[in-house]
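1. Any chance you could fold what I've pasted below:
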Amino acid sequence: MKSGAVLCLDASRLARNGRDWHHLLELCGLVEASVIDLNGVYDPCRPNDRLLPGMKGSISGFELNVLRTRMLDAARAKAQRGELRISVPIG
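-> Residues are numbered from 1 along each chain as shown. Below you'll find the model as predicted:
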């Protein structure tokens, strides 16, 4: 019997693109490889075990979007106050 697993220390690194994250879970299910993170071991062949890592990936993608939006809003606010400084590339 062969076994395989994907070890995930930080779901946000894999979930930069939700489509890639779900594709990884689907591939793991096809080859019957487990997905392991800090909270447990999941078998993507089982619907309940596929749900939680999928939700974690979706939440990580949402958090990344929230952080990006906050960063852009902060840059716009600095620009409106006249405090935004953008350096010219060297070369």
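2. Flag the helix or strand of the protein with the lowest per-element mean pLDDT.
-> helix 11-14 (a mean of 58; mean pLDDT, DSSP states H and E).
3. Who are the packing partners of the very next helix or strand once past it?
-> Using DSSP states H and E, the helix or strand that follows helix 11-14 towards the C-terminus is helix 18-30. Counting contacts by 3 or more C-beta pairs under 8 Å, 6 or more residues apart in numbering; DSSP states H and E, helix 18-30 packs against helix 11-14, strand 34-37, helix 47-81. Glycine gets a C-beta too; all of them are placed from N, C-alpha and C.
4. do that again at 7 Å, thanks
-> helix 47-81 (3 or more C-beta pairs under 7 Å, 6 or more residues apart in numbering; DSSP states H and E).
5. so where's this structure uncertain?
-> 1-3, 10-18 (pLDDT under 70).
6. does Val6 really touch Cys28, like I thought?
-> Yes - between Val6 and Cys28 there is a contact at 5.9 Å, judged by C-beta atoms under 7 Å.
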